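Student: output the structure for:
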Amino acid sequence: MARLTINDHPVQIDMDPQTPLLFALRDGANLTGTKYGCGVGDCGACTVMVDGAALRSCLITLSECEGRFVTTIEGLSADRSHPVQQAMVAEQAIQCGFCTPGIVMTAAALLKTNPDPSEAQILDAVPNLCRCGVYPRLVRAIQRAGRVARRLETISAAPAPGITPADAARAVPALRTLTKSQTSGNIP
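Tutor: Numbers count the residues shown, from 1 in each chain. Just a heads-up that it's a prediction; the model follows:
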């Protein structure tokens, strides 16, 4: 049994204390945004923040999290308004999306300590693996998120904070709602 705070909610998880935090989050707390990638800390898909630091949740046990504050992708921003989330969308730095939660958490932790990182600092601090190869866009997204966090820039390309996913989908210029007549005949 471990007592910790997950996404600002004090919880008690009744699992073996040696269980990796990854499985406690996914199986014990049903927070599946944290992904299982390699299981040995190499890929970063399972990255969460523990007391504000980006950590690979597959490498830290539940007992090591006793009394600590854990933030998962679900707790970073429920409405997707965090600057890193906004910038990842705006810079099209998301492909398949599997690695995205870990990258976002790592980048958010970096920007807490360094709101204006250089490309070299980003590449050093965000060693997460992305099989789709979004690295150049990822660097641009993190630098842009830093500018947004410092209030030097705003992002209008990503859904506005508080918008529902359904409304966000309707607001995408490339998508449009088809009328009944359009679905029964030729679509222009």
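
Student: next up, the contacts around the closest residue to residue 39 other than its chain neighbours.
Tutor: Leaving out its chain neighbours, the residue that sits closest to residue 39 by CB to CB, 6 or more residues apart in numbering is residue 58, at 5.2 Å. The C-beta positions use only the backbone N, C-alpha and C, and glycine is treated the same way. Contact analysis of residue 58 by CB atoms under 8 Å, 6 or more residues apart in numbering lists 20, 21, 22, 36, 37, 38, 39, 40, 41, 46.

Student: and for residue 25?
Tutor: Taking CB under 8 Å, 6+ apart, one finds 6, 31, 34, 48, 57, 70, 72 in contact with residue 25.

Student: out of the residues you listed, which is most surrounded?
Tutor: Ranked by neighbour count (other CB atoms under 10 Å), these have residue 48 at the top, with 31 neighbours.

Student: doesn't that residue fall inside a helix?
Tutor: No. Residue 48 is assigned strand when assessed by DSSP: H, G, I helix; E, B strand; the rest coil, not a helix.

Student: hang on, it packs against residue 34?
Tutor: Yes. At 5.7 Å, residue 48 counts as touching residue 34 under the criterion of CB atoms under 8 Å.

Student: can you redo the contacts of residue 25 as a markdown table with secondary structure, distance to residue 156 and pLDDT?
Tutor: Listed next are the contacts of residue 25 as a markdown table, based on DSSP: H, G, I helix; E, B strand; the rest coil; distance: CB to CB, whole Å; pLDDT from 0 to 100:
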| residue | secondary structure | distance to residue 156 | pLDDT |
| --- | --- | --- | --- |
| 6 | strand | 32 | 94 |
| 31 | coil | 30 | 92 |
| 34 | coil | 29 | 96 |
| 48 | strand | 29 | 98 |
| 57 | coil | 33 | 98 |
| 70 | strand | 32 | 97 |
| 72 | coil | 27 | 96 |
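
Student: rewinding a little: filter the contacts of residue 58 to the buried ones?
Tutor: 20, 21, 22, 36, 37, 46 (16 or more other CB atoms under 10 Å).
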